[in-house]
Structures are given as C-alpha cells and as structure tokens.
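Colleague: 3D model of this:
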Amino acid sequence: MRKLDLSKVKFDESGLVAVIAQDVISKEVLMLAYTSRETLVETIETGKMVYFSRSRNQRWLKGETSGNFQEVVELSLDCDGDTVLAQVNTLGPACHNGTKTCFEEN
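Modeller: Residues are numbered from 1 along each chain as shown. Next up is the predicted model:
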C-alpha cells in the first residue's frame with residue numbers, strides 16, 4: 001500500500017475526515033464513513049479499514065463483529081485533502097443491511 005501523507009489530510013472540527021470505500025476490482029462505491037487520525041494510522045499499520053463511528057463515538061474496525069473486513073489496497077486523498085478514497089478488497093457485504101454496497105436496496 002502506498003503511504004498516505006497524513007500531514008495533507010484536512011480533518012474537520014471534530015477531528016474526522018470522510019472516507020469513501022471503493023471496491024478495487026469493480027470500482028463500485030461501497031460506503032461512506034469517517035475516520036480519525038488515530039484510526040487512519042491504525043488502518044495504515046494493519047492494512048484493514050478502521051473507521052470512527054460517529055453514532056457510537058468510538059473506533060470501528062470494519063468486520064470485527066461481522067467478519068466482513070475491508071483489506072486496503074490503496075488510500076488516496078481528493079484535491080482538497082478532506083476526503084480519503086479507500087480502494088479495498090471486500091470480505092463480504094459492506095452494508096450493515098447485508099447488501100454489497102450501502103447504495104442499493106435490500
């Protein structure tokens with residue numbers, strides 16, 4: 001995985017940045033979530049997507065309870081530095097509703 005330059009990431013006033021997870025093979029957008037500096041560092045170190053759950057106000061390793069991990073292939077920033085694109089290999093559905101993406105109906 002190519003190293004993401006954390007100094008270029010523009011975290012919001014809550015210390016979070018948006019992440020778009022995209023299937024590296026199909027290029028489908030899987031989901032939108034948020035990550036903090038700490039969870040982004042953990043993502044880089046482990047190679048698995050770690051988000052920050054705004055509703056639970058805590059770290060969220062995608063797949064920790066479901067087994068539907070997202071293995072990181074590449075992380076990149078948009079032109080403004082305020083959105084991370086995470087290209088991932090998925091191990092199961094991305095959505096908590098059981099669908100492949102969060103942008104389709106059950």
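Colleague: What segments of the protein are strands?
Modeller: 16-23, 29-36, 50-53, 58-61, 70-77, 83-90 (DSSP state E).
Colleague: Partner strands of the first one and their direction?
Modeller: In the sheet containing strand 16-23, the strands it pairs with under DSSP bridges are strand 29-36 (antiparallel), strand 83-90 (parallel).
Colleague: can you redo the strands of the chain as TSV with mean neighbour count?
Modeller: Heads up, the C-betas are built off the backbone N, CA and C, glycines and all. Formatted as TSV, the strands of the chain follow (neighbours: other C-beta atoms under 10 Å):
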stretch	mean neighbour count
strand 16-23	19
strand 29-36	20
strand 50-53	21
strand 58-61	15
strand 70-77	18
strand 83-90	19
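Colleague: can I get these in TSV with mean pLDDT and distance to Ser7?
Modeller: Formatted as TSV, the strands of the chain follow (pLDDT from 0 to 100; distance: least, C-beta to C-beta, whole Å):
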stretch	mean pLDDT	distance to Ser7
strand 16-23	98	13
strand 29-36	97	15
strand 50-53	96	19
strand 58-61	96	22
strand 70-77	96	11
strand 83-90	97	14
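Colleague: Put together a markdown table for the ones you listed, with distance to Thr101 on each row.
Modeller: Output for these, formatted as a markdown table (distance: least, C-beta to C-beta, whole Å):
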| stretch | distance to Thr101 |
| --- | --- |
| strand 16-23 | 8 |
| strand 29-36 | 5 |
| strand 50-53 | 16 |
| strand 58-61 | 18 |
| strand 70-77 | 12 |
| strand 83-90 | 9 |
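Colleague: looking at these, which is closest to Leu4?
Modeller: strand 70-77 (4.4 Å; C-beta to C-beta).
Colleague: So what touches that closest one?
Modeller: 1-2, 4-5, 8-9, 21, 24, 30, 43-44, 47-49, 62-63, 83-91, 94 (C-beta atoms under 8 Å, 6 or more residues apart in numbering).
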